[in-house]
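A.B. asks: Output the structure for:
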Amino acid sequence: MKFQRDIFTHRQNNVRTRQVLLVTAATLLNVLLSFAAYKFGLPFFLDSLGTILVSAVSGMLLLGILTAVITSLVCSLFNHLALYLAFSNALLAIFTVWFIQKYTFKKFRRNLVYVLIASVYSAIVISLVHFAIYKQTQTSLITYLAHSCSSDTGLPYLLSLSLINLILQFADKSISCLIVVTIFRFIPKEKFNIYTLGAWLQRPLTEQELNEIKNMRKKVKRTLRSRTTNTLVITSFMVMFLTGWTGLSIYSDNEKAKKTEAAWSTVKTAASIIDVDKIDDYLLYGTDAEGYNETSELLNKMFRCSTDIAYLYVVKPEGINGRFIFDVDTRFIDPDAEPPYVPGELVPFEESFKPYFNDMLEGKEIGPIETDDVWGWLLTVYYPVKDSDENMRCYVGADVSLKYIADYTVVFFLKIILTMAGFFILIVAFALWKTGVYTSIPISSISSCLERFALSGEDQAKLDENVKIIRSLDIHTQDEVERLYSAICEMTLKQAEQMRDIRHLSESTLKMQDGLIITMADMVESRDSDTGAHVQKTSEYVKIIVEGLKKKGYYAQKITPKFMSDVVRSAPLHDVGKINIPDGVLNKPGKLTPEEFEIMKKHTIAGKVLLENAISTVQGENYLKEARNMAAYHHERWDGKGYPEGLHGELIPLSARIMAVADVFDALVSPRIYKPAFTMEKAIEILQEGSGTQFDAKCVEVFIDALPEVKEILNKYSTNV
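C.D. replies: Coordinates of the predicted model:
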């Protein structure tokens, strides 16, 4: 066992090494081609050739996805867009594996379909990601061509970008497909099977075994694989979403904190340059007041230097209103902006400031206050300007626009989702591979084998064959699954051996029972002076008749393998009741008197009683029921004129109707002390005359059809025919 495990471990290490080398080589190829295209400004990514090669060569999702994600991660060092396309390349690997498993790269039409689907998909994804992240701001050859196409044709920019990318991706994927086709043409695909062996921690299953597992899974409402997949996908998606949301929240909070700090710094600086003693003059005379224009110019310069500030102003609170002293003009930034308030203009505060009116009157710092109104999404801070007696004279207010944060938040969240999507697919693929290799595939294999083992029934050959199949799975997961597999191997082996022992015991018991039956029949026959192997011959005639009925399909519902076995085995007991008949009657050399014949007829009742007692004593021996039927009713007639109960037609048990033909025929062709033996022709003639009156016509028919076999039996047991 240890030697086998060492061989298995060595094989696995060898396969894993090959897989690592394959992924490394493909990733290096992707990175080099992508770097060359980026360095020389080519309008190609060229980062999917290695991914397609690995996916097609290995046929393994994990290897293809791993190559795609690592490639995107490395390429992001010189091309930031590559990281956001990791999920796209991972999905391309999935599509390639699906395509190579369902089809091949041998037919041109199939190849063209693959290239078209891959190109359209890649072009759409790249265009959408590019447009969502960079809008129309990035300068590159592709965007230049897209702008030119859009301006010349009037098409929307996004559609033009998609068309340009479609042309480029078609060329890219055509080259990749051509290389794969070339490799498969010179190197048979079977040579690459070594890369898929690492996906097995057991004997690789055949196509038939895989189909059996698929069919078995269809019968299960929720398979282990689907439950694990759903749990993993939902959990991973929740982690990805929560991580993205957390990152977004942290980013948003940090940006707000930075802008709030910038706003406080600006208002504090602005407050320091305002001459408190001239505030009343500023309100009264406005721009004509001494020093007003100089102060206004300084505020304008401060506004221009602070990129985070949207509005900067100085206002004096008067109840629920504010009287503007300074209001920096923003129209040099936005020509459509409203003109600034003039000095002394009274404007009511927004509703959001109502909770802060008392704080304003007390001269406290106000904010940050977040509002979203006609002025936009703003974050506002107010800093008091006080005189030498610490009395509030006015407030310097600064509004920071949060619209940029809102706009960039969408892009930032999209970047997080796109970045994590590639790793999400990789993690799911790895977990599914791990679950499949260590749990799903081994358990499904064991379940399939056990189902076949259970259906083997009592067929020893099938039991032994299924035991070999189970043991040949060679599961080496080195965990609880392997222990379960070992226990099942041991259990099925012992069960098959136990079944073999039971079968041998059963066969021995049957032989002993048959021997006892023959012995009992011989004891009865030995009292009859001239029955001459009657028991043996009638048993063989019964076998001929029951097999003939089976062959012709007569009484198909009744004649089962068990019925046939029971009838043949119990046939020797049909005259067991004669043990109660006196010797004087049983061996009388002449014709029986009516009284003696009535005594002889009682052997049917006696046989029935004897066998019913045996049936009640030996539980489960159902074959004795047919012995009872034959013993009790083999002298009944089809027309109802027989004995002991005068049954007719199919009311007479089938086993008794069969025995009636066999018993009468043997009595006719065998010599008795009261008559000579009839010829076979005469006996057959008598049977034909009684067909449909004394005998079941179908039993007579199949018996006559088997005359060659009947003659062999006569020749075997009699010299008088």
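A.B. asks: any idea how this protein splits into domains?
C.D. replies: In the assignment given by automatic domain parsing, the structural domains of the chain cover 14-200, 207-455, 527-717.
A.B. asks: Tell me where the model's unsure across the stretch 501-650 of the chain.
C.D. replies: For the stretch 501-650 of the chain, the stretches flagged by pLDDT under 70 are 506-532, 618-623.
A.B. asks: can you give me the strands for it?
C.D. replies: Taking DSSP state E, counting those that start in this stretch as the test, none of the stretch 501-650 of the chain falls into strands.
A.B. asks: right, so of the domains of the chain, which gets closest to residue 474?
C.D. replies: domain 14-200 (9.4 Å; C-beta to C-beta). C-beta coordinates here come from the backbone N, C-alpha and C atoms, glycine included.
A.B. asks: So residue 323 versus residue 587, what's the distance?
C.D. replies: Plainly put, residue 323 is 147 Å away from residue 587 if you go by C-beta to C-beta, to the nearest Å.
A.B. asks: hang on, the earlier thing: could I get the domains of the chain as TSV with mean neighbour count?
C.D. replies: Conversion of those to TSV gives the following (neighbours: other C-beta atoms under 10 Å):
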stretch	mean neighbour count
domain 14-200	18
domain 207-455	16
domain 527-717	18
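A.B. asks: now those as TSV including distance to residue 491?
C.D. replies: Converted to TSV, these look like this (distance: least, C-beta to C-beta, whole Å):
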stretch	distance to residue 491
domain 14-200	24
domain 207-455	10
domain 527-717	27
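A.B. asks: so where do the strands sit in the stretch 251-400 of the chain?
C.D. replies: According to DSSP E, counting those that start in this stretch, the strands that the stretch 251-400 of the chain contains are 309-318, 321-327, 346-348, 366-373, 376-386, 392-401.
A.B. asks: circling back to that earlier point, so for residue 500, which of the domains of the chain sits nearest?
C.D. replies: That would be, of those and by C-beta to C-beta, domain 207-455, which comes in at 14.2 Å.
A.B. asks: so how far does the closest one reach from one end to the other?
C.D. replies: The first and final residues of domain 207-455 sit 21 Å from each other (C-alpha to C-alpha, to the nearest Å).
A.B. asks: could we number from 849 for the rest of this?
C.D. replies: Fine by me, first position is 849 from now on; the one you just mentioned is domain 1055-1303.
A.B. asks: name the element residue 1057 belongs to?
C.D. replies: Taking DSSP states H and E as the criterion, residue 1057 maps to helix 1055-1066.
A.B. asks: I'd say residue 1480 and residue 1456 touch.
C.D. replies: Yes: contact criterion C-beta atoms under 8 Å: residue 1480 and residue 1456 qualify, at 3.7 Å.
A.B. asks: helix/strand/coil for residue 1098?
C.D. replies: Classification of residue 1098 by DSSP: H, G, I helix; E, B strand; the rest coil places it in helix.
A.B. asks: if I look at it, how far off is residue 1260?
C.D. replies: Relative to residue 1260, residue 1098 is positioned 10 Å away (C-beta to C-beta).
A.B. asks: re the thing from before, worst mean pLDDT among the strands of the stretch 1099-1248 of the chain?
C.D. replies: Comparing the strands of the stretch 1099-1248 of the chain by mean pLDDT, the weakest confidence falls on strand 1214-1221, with a mean of 82.
A.B. asks: so how far is that one off the chain centroid?
C.D. replies: Relative to its parent chain, strand 1214-1221 has a centroid offset of 53 Å by C-alpha atoms, centre = their mean, to the nearest Å.
A.B. asks: just checking, what packs against it?
C.D. replies: Taking 3 or more C-beta pairs under 8 Å, 6 or more residues apart in numbering; DSSP states H and E as the contact definition, the neighbouring helices and strands of strand 1214-1221 are helix 1072-1121, strand 1224-1234.
A.B. asks: Residue 1166 is nearest to which of the ones you listed?
C.D. replies: Among the helices and strands packed on strand 1214-1221, strand 1224-1234 comes nearest to residue 1166, with 14.3 Å by C-beta to C-beta.
A.B. asks: What would the closest one look like as CSV? C-alpha coordinates only.
C.D. replies: Taking C-alpha atoms only, strand 1224-1234 is exported to CSV below (Å, rounded to 0.1, in the frame of the first residue of the first chain):
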residue,chain,number,x,y,z
GLY,A,1224,-25.2,71.1,-6.1
TRP,A,1225,-23.9,68.5,-3.7
LEU,A,1226,-21.9,70.6,-1.3
LEU,A,1227,-20.0,70.3,2.0
THR,A,1228,-20.0,73.6,3.8
VAL,A,1229,-17.9,75.0,6.7
TYR,A,1230,-18.3,78.4,8.5
TYR,A,1231,-15.5,80.0,10.5
PRO,A,1232,-16.3,83.0,12.7
VAL,A,1233,-14.5,86.4,12.3
LYS,A,1234,-14.2,88.0,15.7
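A.B. asks: Mind giving me the packing neighbours of that strand?
C.D. replies: Going by 3+ C-beta pairs under 8 Å, 6+ apart, strand 1224-1234 lies up against helix 1072-1121, strand 1157-1166, strand 1214-1221, strand 1240-1249, helix 1251-1283.
A.B. asks: again, 6 Å this time
C.D. replies: Other elements packing on strand 1224-1234 under the criterion 3 or more C-beta pairs under 6 Å, 6 or more residues apart in numbering; DSSP states H and E are helix 1072-1121, strand 1214-1221, strand 1240-1249.
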